[in-house]
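S.K.: okay, predicted coordinates and the sequence, questions at the end:
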Amino acid sequence: MKVKSVVLVSQRMLHKRPTALLDEIIRVDHAGELAADRIYAGQMAVLGSSKMGPTIQHMWDQEKEHRKKFEVLINKYRVRPTVMTPLWEVAGFALGAGTALLGEKAAMACTVAVETVIVDHYNDQLRQLMTDPSTDQDILATITQFRDEEQEHHDTGIDCGAEQAPFYKALTEVIKLGCKTAIAVSKKV
């Protein structure tokens, strides 16, 4: 018992509390990857047995890995998750399933909208983090890798006909606004 507590104390001491910026980044990215996981779960619930099933599954598998990584970072840096987590889980699943019920192209329009915001968001974070020479290189590498995979999801959505979804422009603008709002809220709450 005593050895375990010494090890836990040692591990905590190795990872001091993050800066306010890193705390915010980890919290909001954890929330975003959790929501993305739920969006793809919703799409799979509706379209999993369609021809889009394998494509959605591939993107979902990547999102699950992103979520796992941010769960590790939440614990490693002792960052408080957003209190909005339960809402983001439900909203994410509803968004994924709801757009999938409108059809494959609408589901891909959802993917394009979400990933457009997330790629821009990750790019903003990378610019901020690169101004600090003491930034954890693992964090930079993680965000860079995830940004690239989110861009791949965006491009997949375009290739799969997202722009042919009914009311594409209106649908994607509403989803983008929702994502930007969720990001702003998750940074602080």
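M.R.: Looks like it came in fine.

S.K.: now do Thr135: how many residues are near it, please.
M.R.: By the criterion of other CB atoms under 10 Å, Thr135 has 16 neighbours. C-beta coordinates here come from the backbone N, C-alpha and C atoms, glycine included.

S.K.: does it sit in a helix, a strand or a coil?
M.R.: Of the three states, Thr135 takes coil under DSSP: H, G, I helix; E, B strand; the rest coil.

S.K.: contact partners for the nearest residue to it once chain neighbours are set aside?
M.R.: Spatial nearest neighbour of Thr135, chain neighbours left out: Leu129 (4.6 Å); criterion: CB to CB, 6 or more residues apart in numbering. Counting by CB atoms under 8 Å, 6 or more residues apart in numbering, Leu129 touches 21-22, 25, 135, 139-140, 143.

S.K.: got it, and Cys179?
M.R.: Cys179 sits next to 113-114, 117-118 when contact means CB under 8 Å, 6+ apart.

S.K.: now Val46
M.R.: 96-97, 100-101, 107.

S.K.: can you tell me the closest non-neighbouring residue to Ala100?
M.R.: That would be Val46: by CB to CB, 6+ apart, it lies 3.6 Å from Ala100.

S.K.: oh sorry, the question was meant for Gln62
M.R.: In this structure, Gln62 finds its nearest non-sequential neighbour in Glu149, 5.1 Å apart by CB to CB, 6+ apart.

S.K.: again, but for Arg67
M.R.: Arg67's closest residue in space is Glu33 (CB to CB, 6+ apart), at 4.3 Å.

S.K.: and the one you found, how close does it get to Asp61?
M.R.: 13 Å (CB to CB, to the nearest Å).

S.K.: now do the shared contacts for these two.
M.R.: Counting by CB under 8 Å, 6+ apart, Glu33 and Asp61 have no contacts in common.

S.K.: for the residue most central in space within the chain, what are its contacts?
M.R.: The residue lying closest to the centre of the chain (CA atoms, centre = their mean) is Glu33, at 2.5 Å. In this structure, Glu33 makes contact with 63, 66-67, 69-70, 146, judged by CB under 8 Å, 6+ apart.
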